[in-house]
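1. predicted structure and sequence below. I'll ask about it afterward.
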Amino acid sequence: MNNNQYPFINTPLPYDYQALEPYIDATTMYLHHEKHLQAYIDKLNKLLTKEPKLQACTLEELTQMPGDIGKNSGGVYNHRFYFEGLQPPKKVPHNPLYEEIESQFQSFEAFQKIFKQTALSVFGSGYAWLVWERGMLRIITTANQGVPCLNKMFPILCIDVWEHAYYLKHYNLRGDYIDNWFKVINWDTAQMGWQQGEPFTASVIE
């Protein structure tokens with residue numbers, strides 16, 4: 001990710017707010033990026049002004065910390081990962097990641113079904129993720145702004161299932177939002193992430 005250390009800024013999206021229409025509406029994208037993500041960035045920067053020893057940490061390292069710093073850095077990391085994993089509607093490429101999904105989940109349709117069920121299972125607010133761990137693809141969830149254990153797992157895809165990610169267009173129909181999310185996944189970005197496929201190693205902070 002760009003801007004990976006303090007002070008954090010709200011980096012621009014790689015597409016226009018209306019670019020994901022009709023699947024995710026422009027108003028939701030604007031509010032999600034400019035208001036919700038910005039709030040986490042502002043809170044994280046404010047916390048770090050009081051913690052000079054942590055200002056050299058990467059965003060990934062900050063997400064693995066307890067308390068408010070972990071929560072707010074998770075809000076920044078998760079939102080950025082979600083936004084960077086989207087693109088205007090495009091046909092799913094049959095790249096090596098697609099083939100790996102078919103191999104491990106028997107079919108791409110079976111993967112979609114399992115992923116949707118997992119995302120629907122999130123109680124309240126959180127995320128569903130496709131991660132790479134020890135040579136295998138796994139589908140997991142995190143609550144609120146929790147982040148996968150980055151020293152064990154390498155995130156490939158995530159969907160934000162907080163209500164603010166879909167409520168203006170899809171109301172309370174999370175399943176419809178998930179179906180539409182599948183239509184705007186950036187599979188090229190997911191493929192590049194999967195090819196890296198190694199968890200980061202956090203430094204020891206005294």
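-> Yep, that arrived.
2. got the phi and psi for Lys183?
-> Phi and psi for Lys183, reported as degrees, to the nearest 10, are phi -80, psi -10.
3. quick one: it and Leu20, what's the gap?
-> Lys183 sits 9 Å away from Leu20 when distances are taken as CB to CB, to the nearest Å. No exception for glycine: its C-beta is placed from N, CA and C like everyone else's.
4. quick one: common contacting residues for those two?
-> Jointly contacting Lys183 and Leu20 under the rule CB atoms under 8 Å, 6 or more residues apart in numbering are Pro89.
5. so for these two, which residue has more residues nearby?
-> Between Lys183 and Leu20, Leu20 has the larger neighbour count (other CB atoms under 10 Å), namely 22 against 16.
6. residues in contact with the nearest residue to that one once chain neighbours are set aside?
-> Leaving aside its sequence neighbours, Leu20 sits nearest to Val184 (CB to CB, 6 or more residues apart in numbering; 4.8 Å). Val184 makes contacts with 20, 23-24, 86-89, as judged by CB under 8 Å, 6+ apart.
7. narrow those to those that are buried.
-> The neighbour count (16 or more other CB atoms under 10 Å) marks 20, 23-24, 86-87 as buried among the contacts of Val184.
8. could those go into TSV alongside distance to Ile156?
-> TSV is the format used below for the buried ones among the contacts of Val184 (distance: CB to CB, whole Å):
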residue	distance to Ile156
Leu20	19
Tyr23	20
Ile24	20
Leu86	14
Gln87	15
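9. tell me the one of those nearest Pro14?
-> The closest of the buried ones among the contacts of Val184 to Pro14 turns out to be Gln87 (CB to CB; 7.7 Å).
10. now the contacts of Val184 in CSV, with distance to Tyr77?
-> Converted to CSV, the contacts of Val184 look like this (distance: CB to CB, whole Å):
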residue, distance to Tyr77
Leu20, 21
Tyr23, 24
Ile24, 20
Leu86, 16
Gln87, 19
Pro88, 24
Pro89, 26
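11. and which of those is nearest Gly175?
-> Tyr23 (13.7 Å).
12. ok, the closest one touching Ile178?
-> No. Using CB atoms under 8 Å, Tyr23 makes no contact with Ile178, being 10.8 Å away.
13. where's the residue nearest to Asn10 when sequence neighbours are not counted, which helix or strand?
-> Leaving aside its chain neighbours, Asn10 sits nearest to Gln38 (5.1 Å; criterion: CB to CB, 6+ apart). Here Gln38, judged by DSSP states H and E, is contained in helix 38-49.
14. identify each buried residue in that helix, please.
-> By 16+ other CB under 10 Å, the buried positions in helix 38-49 come out as 40-41, 43-45, 47-48.
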